[in-house]
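Sequence isn't available, so here's the structure alone:
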């Protein structure tokens with residue numbers, strides 16, 4: 001598949017090492033964009049070239065992932081972009097909240113690259 005036809009994944013995480021792991025797993029098959037915080041993620045999602053999927057961390061300073069997904073789902077321009085939480089928050093209550101906020105999946109860190 002040519003790069004022009006690759007789907008785009010936006011990785012949102014405030015830890016560059018986490019971004020690197022996901023980017024290295026995905027970059028052969030997808031165009032990858034990154035954001036180190038919620039406001040930047042919202043800007044990229046609302047751009048003229050929005051991502052096809054967002055991989056979103058929850059624990060970030062200033063604006064956590066729960067607030068990011070709320071804003072995405074309340075914006076007509078970004079409400080249909082699927083969001084998968086990729087987070088160290090492994091409590092059932094956090095996972096439930098993620099699905100209530102309309103995430104399509106919830107993956108806990110550390111991820112297992114062979115399964116990703």
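Okay, I see it. The model shown is predicted, which means the values in this text are computed figures rather than measured ones.

Buried residues, stretch 57-69. List them.
57, 58, 60, 63, 64, 65, 66, 68, 69 (16 or more other C-beta atoms under 10 Å). (Each C-beta comes from the backbone N, C-alpha and C, glycine too.)

And stretch 83-100, what's buried?
Within stretch 83-100, the residues that count as buried by 16+ other C-beta under 10 Å are 83, 84, 85, 86, 87, 89, 94, 95, 97, 98.

Could you work out the end-to-end span of it for me?
For stretch 83-100, the first-to-last residue distance is 12 Å (C-alpha to C-alpha, to the nearest Å).

The buried residues of stretch 57-69 into CSV, with extra columns for pLDDT, secondary structure and distance to residue 21?
Formatted as CSV, those follow (pLDDT from 0 to 100; DSSP: H, G, I helix; E, B strand; the rest coil; distance: C-beta to C-beta, whole Å):
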residue, pLDDT, secondary structure, distance to residue 21
57, 98, coil, 12
58, 98, coil, 17
60, 97, coil, 16
63, 97, coil, 22
64, 98, coil, 20
65, 98, helix, 17
66, 98, helix, 22
68, 98, helix, 20
69, 98, helix, 21
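
As a markdown table, the residues you listed with distance to residue 26 would be great.
What follows is the buried residues of stretch 57-69, written out as a markdown table (distance: C-beta to C-beta, whole Å):
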| residue | distance to residue 26 |
| --- | --- |
| 57 | 15 |
| 58 | 20 |
| 60 | 20 |
| 63 | 23 |
| 64 | 23 |
| 65 | 18 |
| 66 | 23 |
| 68 | 19 |
| 69 | 20 |
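
Between all of those residues, which two are at the greatest distance?
For the buried residues of stretch 57-69, the farthest-apart pair by C-beta to C-beta is 60 and 69; their separation is 12.0 Å.
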